[in-house]
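Engineer: Need coordinates for the below:
(2 chains)
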Number of protein chains: 2
Amino acid sequence: MPELRRGPITDRWVIIAVERAKRPSDLLSQDEKEAPLEPAECPFCPGNEAKTPPELFAIREGGGGANTPGWRVRVVPNKFPALEAYGELGRAGIGFFDRMKGVGAHEVVIESPDHRSELADLPSEHVRLVIEAYIQRMRELMRNHWFRYILLFRNHGAAAGASLSHPHSQIIATPIIPRNVRDRLEAARRYYDDKERCIFCDLLIQELTLGGERIVEESDGYIILAPYDSRFPFELTVFPKYHLHDFTQMNEGQRQGLARALKRALLRLKLLLNDPPFNMVLQTSPNPVPRPGKPGYWATLQYDYHWHIEILPRLTRVAGFEWGTGFYINPVPPEEAAKYLRGVKLPEGI
Amino acid sequence: MPELRRGPITDRWVIIAVERAKRPSDLLSQDEKEAPLEPAECPFCPGNEAKTPPELFAIREGGGGANTPGWRVRVVPNKFPALEAYGELGRAGIGFFDRMKGVGAHEVVIESPDHRSELADLPSEHVRLVIEAYIQRMRELMRNHWFRYILLFRNHGAAAGASLSHPHSQIIATPIIPRNVRDRLEAARRYYDDKERCIFCDLLIQELTLGGERIVEESDGYIILAPYDSRFPFELTVFPKYHLHDFTQMNEGQRQGLARALKRALLRLKLLLNDPPFNMVLQTSPNPVPRPGKPGYWATLQYDYHWHIEILPRLTRVAGFEWGTGFYINPVPPEEAAKYLRGVKLPEGI
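Structural biologist: Alright, predicted model coming up:
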């Protein structure tokens, strides 16, 4: 079972695969390319359902049995999970060191039966089904009170860490609130404590009133923004213009709007940058867990957070400077990125 | 001139190359490989001194003029600097946003005249000359009170972000203390305030008394350690066993010991993992800058920090999970990594 570890100097948790440890030669034979599987071999293609663990959820509008073809979106456990769902956390200290069992969940959302259709290519009605699957699985995982945060992300392209090319997203439930998430929550709460306003809502108002030079588009209740402090060239954030802390609480119309905004953002990147590798990460409020003595400390306060999706194209390498300092060198100002992305001609009617 | 930016949500500074902005096509034509330059073309090879900006420092034991062959280690300004040395910082706010001019310095330490000899290959006497060059340049940069931190790092291999294969390190002086560095300084200071002992010294004692399963070797006053919370497979830290906050204050014997320890650590990785790509980062105390009203806040307190060098092999990809959470999945427990690395047979007498 994997182990979560933290040392005394940095507030950084690491998942160590204690049992399925790799030998040096395993790491070296790892190819830099995605597994170039054809559909017949691909575990995510219809007809190969037996190659994955049994499904957790599927959207089958035409009916059909579990683990058979006919699905449009399918969610399965990750065959090689980073964290696993086993009882107690087993928190322990060894001197300076903190550790606990790698309790969690790791699921794969297979976005479409089609081996080659990305979110950017699918009709926005299909993207809405993918969002539906995200929400259903996240809500299910939020019922487990060991899980403090439910992380949704997507890797596209080998340079962004994708190991299978069939379009899929991943959901990982973690027994701690990750550092990067906590930093954001704390910044938002400090601001709310002071102003009784949402920092993200205020940020969007500022972006709109500053002339909109970092805004790629506004559509259906969403703003696609190239952030002022973009770490990566052509980095984008998809922000809801309405205030909502918890991604899973979107209503029907908001989900439809997101499907369209997300597809449009990804298609702009794909057309401008020739299908670049990217990571996509959802930032949302943590699981509202009751904690003895700390009633609702991280229970979601509906006013102090505002979910958003980050899209991080991976066109530059992260090197020693970034690892050493935690700051980034970005050769493309977000104002330029937004200008190029606004200029992309999207097909009519999408 | 580059610009430093910070947004309101995360305490993260980004360097934006405002003027030399890249177009989308520049990013796409970027090859994933290192420039496969032969020595005749390489700007870092002897005879090509005119291809770099004029040198800042060189070690020429046999004499010879500046910017001519005969050097053993040579330091030049980076031709494409991330930060540049120009007067005032120009700190400014635009609503939520903080920015300042990209004031700093960016230098390249050419480690050897030989196009192909890595630190792992060079005699430890030569590595000592490289360390000498690091210290001389860092001391010089520390005299500039705009500079709050002097970052020394090294990228090896294209996957680790190296763009030229001739062995070299880089030094960047920044006008802020980077986030990752500040986190460590604060952790060390909190511990010292409580215990009046150095957290790193205590950590090393703990590693030695816990049975040494993460220790690769002890030699000449240094410990080569696979850290308990290693982010990357075969990650190593080179710690001085003696207490010293500031890398540039090492005495002669300590420099000699480091040359040998560093060469041995890198050679173990090279032999075990077939010359893996890696990043190397020095963690040291910040520039002791007098600040009005905050006397010596970050002035180096000689008891609360302890310099060390991190070596981060890049055998796995950093993907959406890591960007989203700031925690890492490592498929090789450091205890296993240390065992493999201890088992590497080094040549006699190095």
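Engineer: ok, the residue in the stretch 151-300 of chain A positioned nearest to chain B - contacts?
Structural biologist: Among all residues of the stretch 151-300 of chain A, residue A:161 sits closest to chain B, at 2.6 Å; criterion: C-beta to the nearest C-beta. For every residue, glycine as well, the C-beta is placed using N, CA and C. Listed by C-beta atoms under 8 Å, 6 or more residues apart in numbering or on different chains, the contact partners of residue A:161 are A:155, A:279, B:317, B:318, B:319, B:320.
Engineer: ok, now how distant is the nearest residue to it once chain neighbours are set aside from residue B:253?
Structural biologist: Setting aside the residues directly before and after it, residue A:161 is nearest to residue B:319 in space (C-beta to C-beta, 6 or more residues apart in numbering or on different chains), at 2.6 Å. According to C-beta to C-beta, to the nearest Å, residue B:319 and residue B:253 sit 44 Å apart.
Engineer: Settle it for me: which of those two has more neighbours?
Structural biologist: Between residue B:319 and residue B:253, counted using other C-beta atoms under 10 Å in any protein chain shown, the more crowded position is residue B:319 (23 against 11).
Engineer: which residues sit in contact with the more buried one?
Structural biologist: With C-beta under 8 Å, 6+ apart, residue B:319 has these contacts: A:153, A:155, A:160, A:161, A:162, A:279.
Engineer: So which residues of chain A form helices?
Structural biologist: A:24-29, A:124-142, A:179-195, A:199-209, A:252-273, A:320-325, A:334-342 (DSSP state H).
Engineer: Inside strands: which ones of the contacts of residue A:161?
Structural biologist: A:155, A:279 (DSSP state E).
Engineer: Between the contacts of residue A:161, which sits nearest residue B:124?
Structural biologist: Nearest to residue B:124 among these, counting by C-beta to C-beta, is residue B:318 at 32.1 Å.
Engineer: What are the neighbouring residues in contact with that closest one?
Structural biologist: A:161, A:318, B:328.
Engineer: Serialize those to JSON lines and add fields for pLDDT and distance to residue A:115.
Structural biologist: Shown next, in JSON lines, are these (pLDDT from 0 to 100; distance: C-beta to C-beta, whole Å):
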{"residue": "A:161", "pLDDT": "83", "distance to residue A:115": "19"}
{"residue": "A:318", "pLDDT": "74", "distance to residue A:115": "29"}
{"residue": "B:328", "pLDDT": "85", "distance to residue A:115": "30"}
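Engineer: where in chain A is pLDDT low?
Structural biologist: Applying pLDDT under 70 to chain A flags residues A:19-21, A:28-36, A:87, A:289-302, A:320, A:324.
Engineer: what about residue A:50, neighbour count?
Structural biologist: 10.
Engineer: so what's it up against?
Structural biologist: residue A:67.
Engineer: and which of the contacts of residue B:319 is nearest residue A:14?
Structural biologist: residue A:161 (16.5 Å).
Engineer: so what's the residue lying closest to residue A:171 once chain neighbours are set aside up against?
Structural biologist: Nearest residue to residue A:171, sequence neighbours excluded (C-beta to C-beta, 6+ apart): residue A:107, at 4.5 Å. By C-beta under 8 Å, 6+ apart, the contact set of residue A:107 is A:56, A:75, A:76, A:77, A:78, A:137, A:170, A:171, A:172.
Engineer: Please name the bridge partners of residue A:107.
Structural biologist: residue A:77, residue A:171 (DSSP bridges).
Engineer: Name all residues that make contact with the closest residue to residue A:258 other than its chain neighbours.
Structural biologist: Computed as C-beta to C-beta, 6+ apart, the closest residue to residue A:258 that is not its neighbour in sequence is residue A:131, at 6.0 Å. Residue A:131 is in contact with A:250, A:255, A:258, A:259, A:262, counting by C-beta under 8 Å, 6+ apart.
Engineer: Find the residue at the geometric middle of chain A.
Structural biologist: By C-alpha atoms, centre = their mean, the mean C-alpha position of chain A lies nearest to residue A:153, the distance being 2.2 Å.
Engineer: which ones are touching the nearest residue to residue A:266 once chain neighbours are set aside?
Structural biologist: Of all residues not flanking residue A:266 in the chain, residue A:120 sits nearest, at 3.9 Å (C-beta to C-beta, 6+ apart). By C-beta under 8 Å, 6+ apart, the residues touching residue A:120 are A:263, A:266, A:267, A:269, A:270.
Engineer: so which of those residues comes closest to residue A:346?
Structural biologist: residue A:267 (6.2 Å).
Engineer: how much space between that closest one and residue A:120?
Structural biologist: Distance from residue A:267 to residue A:120, by C-beta to C-beta: 4 Å.
Engineer: cool, residue A:181 as well?
Structural biologist: Counting by C-beta to C-beta, the gap from residue A:181 to residue A:120 is 26 Å.
Engineer: Which one of the contacts of residue A:107 sits in the busiest neighbourhood?
Structural biologist: Going by other C-beta under 10 Å, residue A:172 tops the contacts of residue A:107 with 26 neighbours.
Engineer: circling back: tell me the one among the contacts of residue A:161 nearest to residue A:147.
Structural biologist: Using C-beta to C-beta, the contacts of residue A:161 come closest to residue A:147 at residue B:320, 18.2 Å.
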